[in-house]
Structure formats: structure tokens, C-alpha cells
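# After the sequence you'll find the predicted model.
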Amino acid sequence: MQVVKRDGRVEPFNEQKIVDAISKAGFVPEDLRTRIATEIGKNSAEQISVEEIQDEVERKLMATSYKGVAKEYVRYRYRRELIREN
């Protein structure tokens, strides 16, 4: 699977980037972070956008007991979006 970056570049899917992003939002056990990244990597689409990946991470976190981390992940995405716009 390929990831379409915001600037249009295409890169190979990298599970570790998802694990790292979840870590930045707050504490989530390593096995759960890895499971979320692996599940997203099993997507059958040839290409997926960064935004679609982030939406999926958000949904998967909200389906766990780590809803607070999911909310912080949303806030983190919003702050990054503001930085990109400036």
C-alpha cells in the first residue's frame, strides 16, 4: 500500500509512523499501538491518504478505553493543521 502525502508525494506505508504518532498523543500500550498500525496496514486499497490514515487511527482509538488519548490525537492534528496553514 502507498501513502499519498499532503504535498502529493507517494511513499510506502510505514506502520512505525502510526505507532509514533499515537505515542505523541499520550500513553497507549505498545501492543495496542502496534495492533492499530497493523490493522490500518491491512487496508486493501492501493493508495491511502495521510488524512484517511489519521481518521482511522482516531476511530480505532475511540473504540478503546483510551478515549482521552484519541481526543488529544484530534487536538494534535488540529494544531498541526494550523501550523501548516501559516
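Received, thanks.
# okay, now the nearest residue to F13 once chain neighbours are set aside: neighbour count?
Nearest residue to F13 in three dimensions, chain neighbours excluded: M1, at 4.4 Å (CB to CB, 6 or more residues apart in numbering). Every C-beta, even on glycine, is put in place using the N, C-alpha and C of the backbone. For M1, the count of nearby residues is 14 (other CB atoms under 10 Å).
# Surely M1 and S49 touch.
No. At 11.4 Å, M1 and S49 do not qualify as touching, with contact defined as CB atoms under 8 Å.
# shared neighbours, those two?
Here M1 and S49 have no joint contacts, going by CB atoms under 8 Å, 6 or more residues apart in numbering.
# State the distance from the residue nearest the centre of the chain to A70.
Note on the chain: the residue nearest the mean C-alpha position is Q54, at 3.7 Å, using CA atoms, centre = their mean. Separation of Q54 from A70 (CB to CB, to the nearest Å): 11 Å.
# same question, A37
Taken as CB to CB, the span from A37 to A70 is 15 Å.
# With L82 instead?
With CB to CB as the criterion, L82 and A70 are 19 Å apart.
# Next up, identify which helix or strand E39 is on.
helix 30-41 (DSSP states H and E).
# helices or strands up against that helix?
helix 15-25, helix 50-62 (3 or more CB pairs under 8 Å, 6 or more residues apart in numbering; DSSP states H and E).
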